[in-house]
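Undergrad: missing the sequence, but the structure's below:
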């Protein structure tokens, strides 16, 4: 993780960017900490014991478990279908924690099972217990940490892997990684919660008060803080078989990304987008951000953009997979109904034009189409530059739309020339006014605009961008055994969390298209870079909720999460990932034909 550690410290003052290439120096060596949780065989034996206790609805007074002597605590979670009905946590040292946590989970679950109090209650209880889903986390030793501020906790700990605990006097409380993932809590938020619960004082840990920071509490309250790693065994899939989970899921292997695997991934993503589309009184809408563990959806700031991006992705999927399913008609209908509103402002208009290029002929009203073209034409002027109120990050998307508008069928030569000149001026201004470190924020759209033109004027810049992106892709060596699920992600160091997120997809969508464009990529380069593309798709596949990472999800199968520790699924993340996988599939097919 040496390189990952260094990348996390690299700061670029941009909206989205990657570290500039600098020599990597090794950090000072420190004695390794033994965070090892219980061994797999002991962990599975503990799970089997918990399962037998839950099915019998009784924990024996003297539960004998081996291989757990160094264990720092245990958490047992019981679900009825996907709804948590009981959770027990114990930070007793050694094997006894498993029995304590199970008893607490059973006690919390009893009244929620609604089995009544009559003569058949016990029979009903055992029948209901046989249907419960079980999750067991076994903590390794509690390792002391000394964060001065809550922000230090997020810097020092791996979200979704590290649990947190606090000791106040003789009482120890904490939050296990699985609970953090389900509740979408960061390590620092989890530590705040642990302090409040353990102390019984919700005002003790106040993140905005210097007196409520961990360093201050260590001095005034004698608080001791800990981190720990866990072995996590949970029932997954329809059969409910137990499986070991890593950061709440299973690490996706590169071998899963052959052509068939890519096609299955694309189908999974397309299915997720289709399930988000609702029809109400004859009008389609796309449900917003999915919270899979909470079984609900949140509205987004730009529902029209969600609808347009969904249309673009489904249309691209239909073309690449040559499917005759509902995707083409859904995509066209979404664009037809969004055309009136898309003419209200430039970003929506640009997104609509880009999506329409994927769908093909869209039967939009002539007046709506004219308004869309008109608002795009006012977004950039050769003399006055960009419209002041436009976000800088939207310029690449608008440039792509301007290029596509210049290629509309039926234009006379004069109008075609005027539009092409406007598009070229817009693109030149972006290159001129955007520092190299911030150019990636305009991707994939600016690069796609280049590829859409008859001649790629900025081929050298695109090739350099590709080289820089691949330099900051996490490899097996970067991630090591500590975080193999991060392999393939691109580190955007200006983000709040410097580890890779769904934003990885932005440059990869462009690079997938570039990889089969012989104007910027030779066949030899394409074959060499295909491995980088597949590693990136591996990471995106890791972000997608499958039956492992979705073992506790009520909705959202197939959707792409914001990150491995942030379970929210933005529409844009899933739509752009589907588009990217389709581009990779197209590249794989074309390279196969060249051989």
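TA: Done, it's in. These figures come from a predicted structure and were not determined experimentally. Numbering: from 1, shown residues only.
Undergrad: list the buried residues for the longest helix belonging to the chain?
TA: Assignment by DSSP state H gives helix 571-594 as the longest helix of the chain. Going by neighbour count (16 or more other C-beta atoms under 10 Å), the buried part of helix 571-594 is 571-588. To be clear about C-beta, it is placed using only N, CA and C from the backbone, and glycine gets the same treatment.
Undergrad: same thing with stretch 158-170?
TA: Result for stretch 158-170 [16+ other C-beta under 10 Å]: buried residues 158, 159, 160, 161, 162, 163, 164, 165, 166, 167, 168.
Undergrad: the fourth one in helix, strand or coil?
TA: With DSSP: H, G, I helix; E, B strand; the rest coil as the basis, the three-state label of residue 161 is coil.
Undergrad: so which elements touch the longest helix of the chain?
TA: Applying 3 or more C-beta pairs under 8 Å, 6 or more residues apart in numbering; DSSP states H and E, one finds that helix 571-594 contacts helix 259-276, helix 303-321, helix 505-514, helix 523-543.
Undergrad: tell me the angle it makes with helix 259-276.
TA: Angle of helix 571-594 versus helix 259-276, following axes from the mean of the first three to the mean of the last three C-alpha atoms, to 10 degrees, is 150 degrees.
Undergrad: all helices in the stretch 201-350 of the chain, in order from the N-terminus.
TA: Along the stretch 201-350 of the chain, counting by DSSP state H, counting those that start in this stretch, helices occupy 214-220, 259-276, 303-321, 327-342, 346-359.
Undergrad: is it possible to get TSV of the ones you listed that adds mean neighbour count?
TA: Listed next are those as TSV, based on neighbours: other C-beta atoms under 10 Å:
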stretch	mean neighbour count
helix 214-220	16
helix 259-276	19
helix 303-321	24
helix 327-342	21
helix 346-359	25
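Undergrad: closest one to residue 134 among these?
TA: helix 259-276 (26.1 Å; C-beta to C-beta).
Undergrad: give me the low-pLDDT residue ranges for this structure?
TA: 1-33, 114-121, 324, 493-497, 595 (pLDDT under 70).
Undergrad: kindly recompute the last result at 50.
TA: Residue ranges of the chain with pLDDT under 50: 1-29, 495.
Undergrad: can you pull the contacts of residue 229?
TA: 35, 36, 37, 139, 140, 161, 162, 163 (C-beta atoms under 8 Å, 6 or more residues apart in numbering).
Undergrad: how about 6 Å then?
TA: 35, 37, 140 (C-beta atoms under 6 Å, 6 or more residues apart in numbering).
Undergrad: distance check, it against residue 483.
TA: In this view, residue 229 and residue 483 are 12 Å apart by C-beta to C-beta, to the nearest Å.
Undergrad: and for residue 528?
TA: 26 Å.
Undergrad: more neighbours: these two, which one.
TA: Ranked by neighbour count (other C-beta atoms under 10 Å), residue 528 and residue 483 place residue 483 first, with 21 against 12.
Undergrad: dihedrals phi and psi, that one?
TA: phi -150, psi 60 (degrees, to the nearest 10).
Undergrad: tell me which element residue 423 is part of?
TA: helix 413-433 (DSSP states H and E).
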